[in-house]
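[1] Sequence plus the predicted model coming up.
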Protein chains: 2
Amino acid sequence: MRAIWFFEDVNLFNILCPHKFKRFKADHDFCSYRKKDYIYFEDDASSKVYLIEKGRVKIGYYSENGDEVVKAILSMGELFGEKAIFGEQTRDEFAQSIDNNTSICPIGVDTMHDLMRNNQTFSFKVYKFIGFRFKRLERRLQLLLFKDTKTRLMEFLQELCDDYGYDCEKTGDHVVKHHYTQKDIASLIGTSRPTLNILMNELKEENIINFTRKEIRMLKKIA
Amino acid sequence: MRAIWFFEDVNLFNILCPHKFKRFKADHDFCSYRKKDYIYFEDDASSKVYLIEKGRVKIGYYSENGDEVVKAILSMGELFGEKAIFGEQTRDEFAQSIDNNTSICPIGVDTMHDLMRNNQTFSFKVYKFIGFRFKRLERRLQLLLFKDTKTRLMEFLQELCDDYGYDCEKTGDHVVKHHYTQKDIASLIGTSRPTLNILMNELKEENIINFTRKEIRMLKKIA
DNA sequence: TTTCTAATGTAAGCCAGCTAACATTTAAAG
DNA sequence: CTTTAAATGTTAGCTGGCTTACATTAGAAA
């Protein structure tokens, strides 16, 4: 089950990009990025939102001591830079392509606001999208407040699988191919990399998951 | 400096409530609540947003082991229940009056959506408000991820003062009268109550703050 | 005013998870 | 194919902050 909610419920990409809006079509265009190209930096003006047509985009920022902190790695059909809609002046994060053939559809905030005002269906989908991001943030906060590291890791893996995973036909395992390093995951769930590594290998020992650098498997329980 | 951003920038109350909208005025009304009355519970339908005309409202939820967890205590001019705008179906929190004469202006989501569609100024203010809540949530998450408990406490106190505090004329101290217990504050910043208490008293020892149950003072440094 | 409950103050003992440091493996790039 | 940097694996030792338990105090209610 590919449970990316965008596809189920609020596929902004399909609405925005197949030129459904005549007015929008005129200046509608895709941008291409190669690996490591930045779509925007911290402190850039927040004047657009972006839809990923193809490829992957890393969203992150730099901590006080200069470490890169990954907030998310997004792929086809996903939207980012949405804080621009909400009156953000400058970016508080960067967005960087991590594939060599990333294609992105930029939409100016003004356009976005026009679309939202003139099309109720569209605005509701945007609202729903925002609600979703909001709830996810709240959930992450609550995990951090009340759950221990191992629980947080399990939740993270589950969510990753639900959002991007597929069922392996041979084994029935839930599998995700991803681009997160253990360092990324550690900072996302609020732990240190060594601790994360130990927990990952514990879960492997316990036959709950299996993993390589690129792939995580939630094992089907035969019990 | 009363830095409640609502007053500076996005005073939704003044826009919504003094009947600026004829269409809205017709079914516009206030609701009264006494101490401990609930405005809504968890699992209620999310069909309205609420503006506080007078009094204070506690927003919170119950943790798995049944403890009450306070998310915020809001007062005059502030808005809550805003997730209804974003397609939330049922509440994931409760809202409870903590004063005996709380007056609240409820606004149906449909009304809200209409207003947003038909009035650009209004919709921009709502957007900005949401952006603000979003950023605050992100900031809280980052503090939790990267800062130790004492730093988080300092940030919390600073924010509380900035939002609700005033300058004491006699001493130049920054003062807040508030309704949070130490237990509330502890769970807001992600620590245990005993730890919080010790830190508060440390800060007092260090002449950084002074406090009673109802009031916190950020002391003016004479150094 | 007195009573009583919730909030605050304090201490002892423990441990999850941190830091620091190093070894090993993978896969990207030449 | 070889080189090399980045990612992953692993250990030892330490500590911030937790839990539990109890004492004290403030302020709401009677």
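    Received the coordinates, thanks.
[2] all contacts plus neighbour counts: C-alpha atoms, from now on.
    Noted.
[3] how about the residues of chain A near DNA strand D?
    By the rule CA under 7 Å from any atom of the strand, the part of chain A lying against DNA strand D is A:180-183, A:194-195, A:197-198, A:200-201, A:212-213.
[4] any idea which of those is the one closest to chain B?
    residue A:183 (13.6 Å; CA to the nearest CA).
[5] ok, that closest one - contacts?
    A:192-193 (CA atoms under 8 Å, 6 or more residues apart in numbering or on different chains).
[6] so what pLDDT did residue A:156 get?
    Looking at residue A:156, its pLDDT stands at 97.
[7] surely residue A:96 meets residue A:59?
    Yes. Using CA atoms under 8 Å, residue A:96 and residue A:59 qualify as a contacting pair, with a distance of 6.6 Å.
[8] check contacts around the residue nearest in space to the middle of chain A.
    Note on chain A: the residue nearest the mean C-alpha position is residue A:74, at 3.8 Å, using CA atoms, centre = their mean. Contacts of residue A:74 were listed using CA under 8 Å, 6+ apart, and they are A:56-59.
[9] Phi, psi for it please.
    phi -110, psi 160 (degrees, to the nearest 10).
[10] coming back round to it: by neighbours, which of the residues of chain A next to DNA strand D wins?
    Counting neighbours by other CA atoms under 10 Å in any protein chain shown, residue A:200 leads the residues of chain A next to DNA strand D with 20 neighbours.
[11] So that one belongs to a helix, correct?
    Yes. Using DSSP: H, G, I helix; E, B strand; the rest coil, the assignment for residue A:200 is a helix.
[12] Could you measure from it over to residue B:164?
    From residue A:200 across to residue B:164, the span is 44 Å (CA to CA, to the nearest Å).
[13] neighbours of the residue nearest to residue A:84 when sequence neighbours are not counted, just the number please.
    Residue nearest to residue A:84 in three dimensions, not counting chain neighbours: residue A:46, with 5.0 Å by CA to CA, 6 or more residues apart in numbering or on different chains. Neighbours of residue A:46 under the rule other CA under 10 Å: 23.
[14] Generate JSON lines for the residues of chain A next to DNA strand D, with pLDDT as supplementary columns.
    JSON lines is the format used below for these (pLDDT from 0 to 100):
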{"residue": "A:180", "pLDDT": "96"}
{"residue": "A:181", "pLDDT": "96"}
{"residue": "A:182", "pLDDT": "97"}
{"residue": "A:183", "pLDDT": "96"}
{"residue": "A:194", "pLDDT": "97"}
{"residue": "A:195", "pLDDT": "97"}
{"residue": "A:197", "pLDDT": "97"}
{"residue": "A:198", "pLDDT": "97"}
{"residue": "A:200", "pLDDT": "97"}
{"residue": "A:201", "pLDDT": "96"}
{"residue": "A:212", "pLDDT": "94"}
{"residue": "A:213", "pLDDT": "94"}
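[15] So which of the residues you listed is the closest to residue A:173?
    residue A:212 (14.4 Å; CA to CA).
[16] What residues of the one helix or strand residue A:72 maps to count as buried?
    Here residue A:72 sits within strand A:68-74, counting by DSSP states H and E. Applying a neighbour-count criterion of 16 or more other CA atoms under 10 Å in any protein chain shown, one finds A:69-74 buried in strand A:68-74.
[17] now it: mean pLDDT?
    93.
[18] do stretch A:30-43 as well
    If you average the pLDDT over stretch A:30-43, you get 91.
[19] check whether that stretch contacts DNA strand C.
    No. Remark: stretch A:30-43 sits outside contact range of DNA strand C, by CA under 7 Å from any atom of the strand, the gap being at least 8.4 Å.
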